[in-house]
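Visitor: coords below, sequence missing:
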């Protein structure tokens, strides 16, 4: 099946630094990728929709200047958490839509961000 | 309003027992429904995908059912194993002129105890 790779799987950073997370579709092209945030014992929360070659669409309440999304190619989307603070510590997951007919989503393994 | 509701919120069962998770949705127009398994600290992995015309689909010990008339789906797990402990997420996709839109359920946390 389709594979989506996320990197890094975990990262620890100091408060005030920026962190970039990559999401790659390994065996298919994805014009649309999605970024989610997940707090412990809670469900996935959609943050933004990443569109190749155009600006990302952010969900209400998500700061676009805080969470920069770039989708420069059909196989890569990046999420940059700028000036990270401890409250940004979370599990970030990406997904890519692979099924043209079904709109099926394939998820990355997730990235655990800890901001000290 | 397009919503997906799952029940129970959490469930504890003994190893070897069967269980059934429920998913009710109000999503329209309906395209497909998927069940995902998410282990703690990992990304969700697809178990089954069902379209409007499908009633039952199996994947090993997992069997999903879909009643498009009542807008209900269930995921049945037989002979549970410790490794089945995870969150199970019901995801419904709608398709309209704007394209695909995915609505997530809150998930059911399953704990399988020895």
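Guide: Cool, the structure landed. All values derive from a computational prediction rather than experimental measurement.

Visitor: apart from its chain neighbours, what residue comes closest to residue 17?
Guide: Went with chain A since none was named. The spatial neighbour of residue A:17 that comes closest, neighbours along the chain excluded (C-beta to C-beta, 6 or more residues apart in numbering or on different chains), is residue A:84 at 6.0 Å. All C-beta atoms are positioned from the backbone trio N, CA, C, and that covers glycine.

Visitor: you looked at the wrong chain, it should be chain B
Guide: Nearest non-adjacent residue to residue B:17, counting by C-beta to C-beta, 6+ apart: residue B:80, 5.6 Å away.

Visitor: give me the number of residues near residue B:56?
Guide: Burial measure for residue B:56: 12 neighbouring residues, criterion other C-beta atoms under 10 Å in any protein chain shown.

Visitor: I'd like the distance between the residue of chain A found nearest chain B and residue B:17.
Guide: Residue of chain A nearest chain B, by C-beta to the nearest C-beta: residue A:103 (3.4 Å). According to C-beta to C-beta, to the nearest Å, residue A:103 and residue B:17 sit 34 Å apart.

Visitor: now check stretch B:105-114, is it near chain A?
Guide: Yes: contact of stretch B:105-114 with chain A (C-beta under 8 Å from any C-beta of the partner chain) involves B:105-107, B:109.

Visitor: in TSV, list those residues along with pLDDT.
Guide: Converted to TSV, those look like this (pLDDT from 0 to 100):
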residue	pLDDT
B:105	94
B:106	93
B:107	95
B:109	96
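
Visitor: so which of the residues you listed are in strands?
Guide: Residues of the residues of stretch B:105-114 next to chain A located in strands (DSSP state E): residue B:109.

Visitor: among the residues of stretch B:105-114 next to chain A, which one sits closest to residue B:51?
Guide: residue B:105 (17.9 Å; C-beta to C-beta).

Visitor: what helix or strand does the closest residue to residue A:79 other than its chain neighbours sit in?
Guide: The shortest distance from residue A:79 to any non-neighbouring residue, by C-beta to C-beta, 6+ apart, is to residue A:21 (4.7 Å). For residue A:21, the host element (DSSP states H and E) is strand A:19-25.

Visitor: buried residues, that strand. List them.
Guide: Residues A:19, A:21-25 are the ones in strand A:19-25 that count as buried (16 or more other C-beta atoms under 10 Å in any protein chain shown).
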